[in-house]
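Novice: task: produce atomic coordinates for the following.
(one chain, ligands or ions: 1)
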Amino acid sequence: MYRISQLAEMLGLSRTTLLYYEKQGVIQGKRLDNGYRSFTDKDLQRLKLLQKLQAGGLTLKECLACLDEKVERDILVERLRQLDEEIAQKQKSRQLLAALLGESSLTDWHQTLEQQAPEAHLEWLIKQGFDEKQALRLKWLSKDMNNHEQYMLDFNLIFKDLERWGPGSEADTLRALAKVPHSPQSILEIGCGQGSATQILAEHSSANITAVDNEEFALQSLVKTLKEQGTGDRVATVCTNMEKLPFEPDSFDLIWCEGSAYIMGVNNALKAWRPLLQDNGILVLSDLVWSVESPSEKALAFWQKEYPDMTTAAHRIAQAEQAGYEVIGSFALSDESWLAYYAPLEDRIDALGSQRQGSMALEDLQRELSAFHLRAGEFDYQMFILRACN
Ligand SMILES: C[S@@+](CC[C@H](N)C(=O)[O-])C[C@H]1O[C@@H](n2cnc3c(N)ncnc32)[C@H](O)[C@@H]1O
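Specialist: Purely as a prediction, here's the structure:
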C-alpha cells in the first residue's frame, strides 16, 4: 500500500497530478480511517504504464482508452505519423543549429531562405557582421557564411587576373552597339567588372561613360586600363550597389549591362533602371537563358541551384515589354563569347588546382565548367537591346 506522497516521489509526479488522475479514473485510492488515501501496487503499475503511453505522445484520454479497452490501432497509427513528423522537424532544427555552429554546410539553408525571404536574408546577414557587399557575395557565391571568407579569397585569387568575368566578346558587344539607333552621349554601364565592355564602348563611341561596380579593385584595374587606352577622361567609375544607384532620373541615353543584371534579378533591374533612361533611351543587357523547352535533368538541376530565376528569352522579352520597353534586337552570344570566358577560367583553375585542393570556390567553378561543357544548345547567353517607350 502506498500513500499519495510515496507515489508522487516514486513517479516524479506532483500530488495535484495524482489527485487529478484519480478523478479521471486512472487510479482508485481508498480512504483510510485516519483520512489518508492509500493506493495499491496495481495503481502504481497503471501509472507507470500511463507514463510510457504519454511519452509516446498520447493524450490522457487516449491513454485511458488504451489502459481500459482494446488498443485503438487508428489512434496509434496517427500518433506514430505525428511523432515521425515531429522527429523529422527536430532533426532539421538540430541540423540547422549544427550548421550555424559550423559543423556542417549551410548552403541549402541559405538557398531556401534566399528563395523564400530574400530581404530578411540580406538583413540577417548584415546583422551577423557582413557588410552589404559581402552579404550580396554570400548570397550569390559562397552560399555559406561559415566558409565565406576563405571562399572569397579563393574566388578573387581565381578571377583577379582574368579579363572577363562573364561570357562576351568584342564582336558581340559591337554587334549590340550597332543596333543602338542613336549615337550615345551618356552611357551608364552597370556591373562593369574590370571593364571588358567599357573599353569597347569607350573606343567605339564619343559618349561620357559612368562605369559602376561594387568591387573596388575591379574599378581600379579599369581606370588603369583606360589610361593606357587613352579614353580615361571620358569614363568615371562609381563603386556602388546596382540595387541602389545614386543617379537622377533621365540621366542616360544608354544603359549597358553585360552578364550582371541577374544579380538583382533581371526583372527587378528592368523596372528599377527604366527611370534613369531619357526618352527613347536604350537598355542593353545580356542574360543566361534556356534555349529549349525541356532542358535535360542534369542541366536543370545545376542551373536551378545556381540561377533559380533563369528563364527563356521569350519570357525575358515579355517582362521587358511589361516594364515599358520595346525590343529592338535580341541575339544569342557566339560560341567565341562563351570561350572568351570559360577557356581562360579553365586554364586558371587547372593552374591553381594542385595548390588549392579542397577549395569550395574551385569546386563550384569546376561544376560550372562541366555544365558549360554539357551545354549542347540547351542554354544561351542572350543579348537584349531594348528601347524605353514613352
Ligand atoms: C558576372 S560579373 C560581369 C562583369 C563584367 N560585365 C564582365 O562581363 O566581365 C558581375 C559583376 O557585377 C559586380 N557586382 C556584383 N554584385 C554587384 C552589386 N550588387 N552592385 C554592383 N556590382 C555588382 C561584380 O563585382 C562583377 O564585376
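Novice: for the stretch 1-150 of the chain, what lies in contact range of the ligand?
Specialist: With Cβ under 6 Å from any ligand atom as the criterion, the stretch 1-150 of the chain meets the ligand at residues Leu136. C-betas here are computed from N, CA, C, even on glycine.
Novice: identify the residue of the stretch 1-150 of the chain closest to the ligand, quick one.
Specialist: Using Cβ to the nearest ligand atom, the point where the stretch 1-150 of the chain gets nearest to the ligand is Leu136, with a distance of 4.8 Å.
Novice: ok, that residue touching Leu122?
Specialist: Yes. In this structure, Leu136 is within contact of Leu122 by Cβ atoms under 8 Å, at 7.4 Å.
Novice: distance of Gln319 relative to Leu138?
Specialist: With the distance defined as Cβ to Cβ, to the nearest Å, Gln319 ends up 26 Å from Leu138.
Novice: so for the two, which sits in the more crowded spot?
Specialist: In this view Gln319 and Leu138 are compared by other Cβ atoms under 10 Å, and Leu138 has more residues nearby, 24 against 17.
Novice: which residue, other than its chain neighbours, is closest to the more buried one?
Specialist: Excluding its sequence neighbours, the residue lying closest to Leu138 (Cβ to Cβ, 6 or more residues apart in numbering) is His148, at 5.1 Å.
Novice: wait, that neighbour touches Leu136, no?
Specialist: No. Using Cβ under 8 Å, His148 is not in contact with Leu136, being 11.4 Å away.
Novice: who's more crowded, these two?
Specialist: Per other Cβ under 10 Å, whichever of His148 and Leu136 has more neighbours is His148, with 23 against 19.
Novice: check contacts around the more buried one.
Specialist: The contact partners of His148, by Cβ atoms under 8 Å, 6 or more residues apart in numbering, come to Phe130, Gln134, Arg137, Leu138, Ser142.
Novice: of the residues you listed, just say which sits nearest to Ala65.
Specialist: If you rank the contacts of His148 by distance to Ala65 using Cβ to Cβ, Leu138 comes first, at 53.0 Å.
Novice: assign that closest one to helix, strand or coil.
Specialist: helix (DSSP: H, G, I helix; E, B strand; the rest coil).
Novice: what of Ile349?
Specialist: Ile349 is classified as helix under three-state DSSP.
Novice: I'd say it and Leu362 touch.
Specialist: Yes. Checked against Cβ under 8 Å, the pair Ile349 and Leu362 is within contact range at 6.1 Å.
Novice: what's the overlap in contacts for these two?
Specialist: Ile158.
Novice: tell me the mean pLDDT for the lengthiest strand in the chain?
Specialist: Counting residues, the longest strand in the chain under DSSP state E turns out to be strand 277-290. Averaged over strand 277-290, pLDDT sits at 97.
Novice: next: stretch 118-127.
Specialist: Mean predicted confidence for stretch 118-127 is 90.
Novice: quick check: buried residues in it?
Specialist: Using 16 or more other Cβ atoms under 10 Å as the test for burial, stretch 118-127 gives His121, Leu122, Leu125.
Novice: okay, and the last one sits in which element?
Specialist: Assigned by DSSP states H and E, Leu125 belongs to helix 118-127.
Novice: could you say what helices and strands that helix packs with?
Specialist: Using 3 or more Cβ pairs under 8 Å, 6 or more residues apart in numbering; DSSP states H and E, the elements in contact with helix 118-127 are helix 107-116, helix 132-137.
Novice: quickly compare those and say which is most buried.
Specialist: Mean neighbour count (mean count of other Cβ atoms under 10 Å) peaks for helix 132-137 among these, with a mean of 18.
Novice: what sits up against that helix?
Specialist: Residues contacting helix 132-137 (Cβ under 8 Å, 6+ apart): Leu122, Leu125, Ile126, His148, Met152, Asn214, Glu215, Asn241, Ile263.
Novice: show the contacting residues for the third one.
Specialist: Spelled out, it's Ile126. Neighbours of Ile126 in contact, by Cβ under 8 Å, 6+ apart: Glu132, Ala135.
Novice: if you set the cut-off to 10 Å instead, what comes out?
Specialist: Glu132, Gln134, Ala135 (Cβ atoms under 10 Å, 6 or more residues apart in numbering).
Novice: looking at the second one now. What's its pLDDT?
Specialist: Pointing back at Gln134 there. 94.
Novice: gap between it and Gly259?
Specialist: 21 Å.
Novice: secondary structure element for Ala176?
Specialist: Per DSSP H and E, Ala176 falls inside helix 170-178.
Novice: parallel or antiparallel, list what pairs with the very next helix or strand once past that helix.
Specialist: As assigned by DSSP H and E, the chain's next helix or strand after helix 170-178 is strand 186-190. Strand pairing for strand 186-190, using DSSP bridges, gives strand 208-213 (parallel), strand 252-257 (parallel).
Novice: adding mean neighbour count, distance to Glu297 and mean pLDDT, write the ones you listed out as a markdown table.
Specialist: Shown next, in a markdown table, are the strands paired with strand 186-190 (neighbours: other Cβ atoms under 10 Å; distance: least, Cβ to Cβ, whole Å; pLDDT from 0 to 100):
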| stretch | mean neighbour count | distance to Glu297 | mean pLDDT |
| --- | --- | --- | --- |
| strand 208-213 | 23 | 35 | 98 |
| strand 252-257 | 26 | 31 | 98 |
